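Participant: Return a 3D structure for these sequence lines:
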Amino acid sequence: MTRSTTVLVIGGGATGVGIARDLALRGVDVTLAERGGLASGTSGRSHGLLHSGARYAEADPTGAEECIEENRILRSIAGACIRDTGGLFVQLPADDPDYFERKRAACEELGIDTELLDATEARDLVPDLSEAVERAFRVPDAVIYPSRLVAANAADAADQGASIHPNAPLESVTVEDGRVTSAHLGGTVSETIEPDYLVNAAGAWAGEVAAMAGLDVEMAPSRGVMVAVDYDRVGSVLNRCRDPDDGDIVVPHERQAVLGTTSVPASDPDDYERADWEVETCIEECATMLPPVADAEIERTWWGVRPLYAPDEAESERRGISRGFLRLDHAEDGVENAVSVVGGKLTTYRQMAEATTDLLCDRLGVTTDCTTAEEPLPGADDPGTLDEFVARFDGQGPTDSDVVASR
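Facilitator: Okay, the predicted model is just below:
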């Protein structure tokens, strides 16, 4: 079977479904295909942190500004996809006090609200915080449940006429005379799509998708482990106030704490080592901030692969690769109707989608403005409805399985 669509989006993570939603809201015919269930890649395998931007404030101010802007938008549109916990950056004796001051000053300069706390005030907020903590500052971090977020975007896109296909892997792409003319989908769809435009939003797998169209997108994925332990007394996101390193974030869920993470090069986003030392390091390092997690029962562990884009980047430097995103217009590479969107963070998915959709609409002559920053997601205030969306799109990921699956 063969059918046509204006835009074919490959990748059913947050960015892909965000693009599908944005296009559909602007009246563009769009089809989305994901090889597994929605959010089965990087989006559904994170630690679930809605960044305030503080983590990047002094090293990547542009990325930090993107985070705080999107943090505020998602709080207004995403309802029960978000849990508003706040966050703390804590300083331990081994941490550079000048780094603490630089980070806080950078936050203030970027408009990221902070509140300086002494050790006693910090422990009033988190009673089990280490006695070694010297001081902290509060930031507007939060928790995000990606399964709900992705499924709600997909539901809205479908309501606006988009065709959303989980479990429909891309099997081939045909390029003729500098244009993508067709793409064959397998799995539950088994049909050939003839798109006017192809969008590669496959995250860590963007290089493989691009290669099917004879394009070169150089990804440098890195793996990271998350460890969920049986502990419900943290309340606030905890960040170690030092240069990003292994085991420096604790993310509170309803009855668990998620400890993260590591950063290890992964040449293949489907086939990589899952090493015991990563789990042990995360627990040990997070316990320096929150000692009880050292002895808490491990409920589950999972690894995610970051979709880092870094042409010619040395493997040893992957933790330092920018977490910003890029829109790659492949007209410059000889395929005039293909676009890739790479990099980024879960927090900034909507902005990535808007930027990509703006480019497509410009090419298509569509003048309708983006409304995704104002339009609430469907079911946003009803966890039960959101979880029905997750089931509808086979969207359960490990990040929030303790919350979404419990409903």
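Participant: Give me the sheet partners of the lowest-mean-pLDDT helix or strand in the chain and which way each runs.
Facilitator: Lowest on mean pLDDT, DSSP states H and E among the helices and strands of the chain sits strand 325-329, with a mean of 92. The pairing partners recorded for strand 325-329 under DSSP bridges are strand 338-343 (antiparallel).
Participant: What residues of the helix or strand just after the partner strand count as buried?
Facilitator: Per DSSP states H and E, the first helix or strand lying C-terminal to strand 338-343 is helix 349-364. For helix 349-364, the neighbour count (16 or more other CB atoms under 10 Å) marks 349-361, 363 as buried. For the C-beta atoms, the positions are set from N, CA and C on the backbone; glycine is no exception.
Participant: Restricting to C-alpha, output stretch 144-156 in PDB.
Facilitator: Provided in PDB are the C-alpha atoms of stretch 144-156 (Å, rounded to 0.1, in the frame of the first residue of the first chain):
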ATOM      1  CA  ILE A 144       8.700  15.400  34.400                       C
ATOM      2  CA  TYR A 145       6.900  12.100  33.500                       C
ATOM      3  CA  PRO A 146       7.900  11.600  29.900                       C
ATOM      4  CA  SER A 147       5.500   8.800  29.100                       C
ATOM      5  CA  ARG A 148       2.600  11.100  29.800                       C
ATOM      6  CA  LEU A 149       4.200  14.100  28.100                       C
ATOM      7  CA  VAL A 150       4.900  12.200  24.900                       C
ATOM      8  CA  ALA A 151       1.500  10.500  24.800                       C
ATOM      9  CA  ALA A 152      -0.400  13.700  25.400                       C
ATOM     10  CA  ASN A 153       1.400  15.400  22.600                       C
ATOM     11  CA  ALA A 154       0.600  12.400  20.300                       C
ATOM     12  CA  ALA A 155      -3.100  12.500  21.400                       C
ATOM     13  CA  ASP A 156      -3.400  16.100  20.500                       C
END
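Participant: tell me which residues in it are buried?
Facilitator: Quick answer for stretch 144-156 (16+ other CB under 10 Å): 144-156.
Participant: Tell me who's in contact with the residue nearest to the spatial centre of the chain.
Facilitator: What sits nearest the mean C-alpha location of the chain, by CA atoms, centre = their mean, is Leu346, with 2.1 Å. By CB atoms under 8 Å, 6 or more residues apart in numbering, the contact list for Leu346 reads 14, 42-43, 46, 50, 144, 146, 149.
Participant: will you turn these into TSV that also has secondary structure, distance to Ile73 and pLDDT?
Facilitator: Listed next are those as TSV, based on DSSP: H, G, I helix; E, B strand; the rest coil; distance: CB to CB, whole Å; pLDDT from 0 to 100:
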residue	secondary structure	distance to Ile73	pLDDT
Ala14	helix	13	98
Thr42	coil	21	95
Ser43	helix	17	96
Ser46	coil	18	94
Leu50	strand	11	98
Ile144	strand	12	98
Pro146	helix	16	98
Leu149	helix	12	98
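Participant: Pick out whichever of the residues you listed sits closest to Val209.
Facilitator: The closest of those to Val209 turns out to be Thr42 (CB to CB; 13.9 Å).
Participant: do you know how far the residue nearest to the centre of the chain is from Pro169?
Facilitator: Using CB to CB, to the nearest Å, we find Leu346 at a distance of 23 Å from Pro169.
Participant: returning to what we had before: could you dump the buried residues of helix 349-364 into a markdown table with distance to Leu116 and pLDDT added?
Facilitator: Listed next are the buried residues of helix 349-364 as a markdown table, based on distance: CB to CB, whole Å; pLDDT from 0 to 100:
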| residue | distance to Leu116 | pLDDT |
| --- | --- | --- |
| Tyr349 | 31 | 97 |
| Arg350 | 31 | 98 |
| Gln351 | 29 | 96 |
| Met352 | 33 | 96 |
| Ala353 | 36 | 97 |
| Glu354 | 34 | 97 |
| Ala355 | 35 | 96 |
| Thr356 | 39 | 97 |
| Thr357 | 40 | 98 |
| Asp358 | 39 | 97 |
| Leu359 | 42 | 96 |
| Leu360 | 45 | 97 |
| Cys361 | 44 | 98 |
| Arg363 | 48 | 96 |
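Participant: Name the nearest of the residues you listed relative to Leu238.
Facilitator: Tyr349 (23.8 Å).
Participant: Give me the nearest residue to the closest one, chain neighbours excluded.
Facilitator: Ala14 (3.7 Å; CB to CB, 6 or more residues apart in numbering).
Participant: mind listing what the one you found touches?
Facilitator: Contacts of Ala14 (CB under 8 Å, 6+ apart): 39, 43, 146, 149-150, 153, 346, 349.
Participant: and if we set it to 6 Å?
Facilitator: Neighbouring residues of Ala14 by CB atoms under 6 Å, 6 or more residues apart in numbering: 43, 150, 346, 349.
Participant: same deal with Thr15?
Facilitator: Per CB under 6 Å, 6+ apart, neighbours of Thr15: 201, 341, 349, 352-353.
Participant: quick one: the strands in the stretch 201-350 of the chain?
Facilitator: Secondary structure of the stretch 201-350 of the chain (DSSP state E, counting those that start in this stretch): strands at 222-230, 237-240, 249-252, 256-260, 264-265, 298-306, 325-329, 338-343.
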